[in-house]
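Q: The following block contains a protein sequence and its predicted model.
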Amino acid sequence: MALLDYLLGQRKKKSAHLAKDRLQILLAHERTEAKAPDYLPKMRDEILQVIAKYVDIDQEQLKISIDEENGFEVLELNLVLPDEKR
Amino acid sequence: MSKVIVVTSGKGGVGKTTTSASFSTALAMKGHKVAVIDFDVGLRNLDLIMGVERRVVYDFVNVVQGEASLKQALIKDKRIEGLYILAASQTRDKDALTLEGVEKVINDLKADGFDYIICDSPAGIEKGAQLALYFADEAIVVTNPEVSSVRDSDRILGILQAKSRRAEMGEDPVVEHLVLTRYNPTRVTAGEMLSKDDVVDLLSIKLLGVVPESQEVLNASNSGEPVVLNHDSDAAQAYVDIVERFLGADKEHRFLTEEKKGWLNKLFGKK
C-alpha cells in the first residue's frame, strides 16, 4: 500500500539521493583527472622506471598528481618505499 | 549566419537520434532551412527514424570522398518544407570521415543557405563523436536522469570544452544546452529518479527542456515519423517547447509533475 510505503520509506534514504551523492564525488574526481596534462601518465612511467633501478617498488605505489595551491601549480609525487632496504 | 549544432550524449540509447529528428523537424516547421547529418558511420539510423530509409542513394561518406555531390545526397523531406537529411554510410571503414572532408560538407551547406546544420553524433567519445562535435557552435547534450548517462554527459562536456574547433582556436566556447529525456515525474516525486534540478546541478549546464518518458516515442519510430509530428503527445509538445526556447522564447518548463490522482487513490492505489 502506498501509505505504508510512504511511512516506511522515510526511514531509508531514497535512491535518487544516493545517485546524486555518488555522482557529485565521482564527477569532481573525474574533472580534475581530465584537466591533468597529457604527458602525466608517460612521465609517471618514466619516473617509475628510474626509481625501479634503485629500489624494489610496487608499481601501484606511486601516486602522482598536479594540483593548484595558493596560485601555484604543485606537482606531487607520493611513493611508499618498502621496509627492507636493499 | 548559419549555425552548426551537435546533438551528443556520450552514452548510447538515451535519445540522440530521436532528439535530432524532432529538433530538426520542428526547426524546419518554424520556417528555417535545416540539414540534419547522421555521423554514425557504420550504424545508420537517422534515416529510419525520419522514415526516408528507402530513399537513400548516396550518403555522407560518398560526399566526403567526392563520389557524389551534396545535392545528390541530400534527401528532401516530403512532409516539411526546408528539411533535408544526409544519411550515414554503412561502410565498416571507421576512417571514412576526415576532418577536412567534414569541414568541406559543412561549409558547402552554409554556402547553400542552410540556417541550421544539425550533427547527430554517434555514441561514445571516439573519433566519430569528436568529428560530430568539432565544428559545433552550440551543443545539445541529451541525458537521461540516470547515473551512467549523467557521468558520460559530463565526459562529453569536457571534450566540448577542450577539443572542439572553438576551444582549439580560442574562440567563444560552444554554447551548451541540456535536454533531459525519458523523464518520469512520478518516480522523481517518489525519490527514485534524479530530478531535473539534480542533473542541472551536477552538470552545471543550462536546461533547454525536459522530455517525459512517452510511449509515443516508440510508436513514432515504428512508423518513421519524428515524434514531434504527433501533436497530441507530451513528447511532441516538449520538443516544440525546446525549439521555441532555443529560438529565444521564454517558455516555462512543462511535464515536471505527475498527473494528479485523487487522495484516496494516492493512499490506497497501486503504483
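A: Sure, I can see it. Numbering: from 1, shown residues only, chains lettered A, B, ... in the order given.
Q: State the distance from the residue nearest in space to the middle of chain A to chain B.
A: Compute the mean C-alpha point of chain A, and by Cα atoms, centre = their mean the closest residue is A:His29, 6.5 Å away. Distance, A:His29 to chain B, using Cβ to the nearest Cβ, to the nearest Å: 11 Å. Placement of C-beta: from N, CA and C, glycine included.
Q: Within the helices and strands, which one has that residue?
A: Taking DSSP states H and E as the criterion, A:His29 maps to helix A:15-35.
Q: Touching that helix from outside, list them.
A: A:67, B:146-147, B:150-151, B:154-155, B:158, B:162, B:188, B:191-195, B:198, B:201-202 (Cβ atoms under 8 Å, 6 or more residues apart in numbering or on different chains).
Q: Quick check: strands, which of these are part of them?
A: Within these, residues falling in strands by DSSP state E are A:Asp67.
Q: Buried by neighbour count, from the contacts of helix A:15-35: which ones?
A: Buried subset of the contacts of helix A:15-35 (neighbour count, 16 or more other Cβ atoms under 10 Å in any protein chain shown): B:147, B:150-151, B:154-155, B:158, B:188, B:193-195, B:198, B:202.
Q: Of those residues, which fall within the contact range of chain A?
A: B:147, B:150-151, B:154-155, B:158, B:188, B:193-195, B:198, B:202 (Cβ under 8 Å from any Cβ of the partner chain).
Q: What about those residues, which are in helices?
A: Taking DSSP state H, the ones among these that sit in helices are B:147, B:150-151, B:154-155, B:158, B:188, B:198, B:202.
Q: pLDDT value on residue 47, please?
A: Answering for chain A, as no chain was given. Note on A:Ile47: pLDDT of 87.
Q: wait, chain B
A: Per the predicted model, pLDDT is 95 at B:Asp47.
Q: so which strand or helix has it?
A: helix B:46-49.
Q: Let me have that helix in CSV, keeping just the CA atoms, if that works.
A: In CSV, the C-alpha atoms belonging to helix B:46-49 read as follows (Å, rounded to 0.1, in the frame of the first residue of the first chain):
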residue,chain,number,x,y,z
LEU,B,46,18.6,8.6,-38.6
ASP,B,47,17.1,7.7,-42.0
LEU,B,48,14.9,5.1,-40.3
ILE,B,49,13.7,7.4,-37.6
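Q: helices or strands up against that helix?
A: helix B:16-29, strand B:34-38, helix B:215-223 (3 or more Cβ pairs under 8 Å, 6 or more residues apart in numbering or on different chains; DSSP states H and E).
Q: and after it, which helix or strand comes next?
A: helix B:60-64.
Q: which element follows that next one toward the C-terminus?
A: Trace forward from helix B:60-64 with DSSP H and E and the next one is helix B:70-73.
Q: average pLDDT across that following helix?
A: 94.
Q: Could you give me the buried positions within it?
A: Neighbour-count burial for helix B:70-73, with 16+ other Cβ under 10 Å as criterion, is recorded at B:70, B:73.
Q: Can you tell me, leaving aside adjacent residues, what's nearest to the closest residue to chain A within chain B?
A: Distance from chain A to each residue of chain B (Cβ to the nearest Cβ) is smallest for B:Gly191, at 3.0 Å. Closest residue in space to B:Gly191, ignoring its immediate chain neighbours: A:Lys14 at 3.0 Å, by Cβ to Cβ, 6 or more residues apart in numbering or on different chains.
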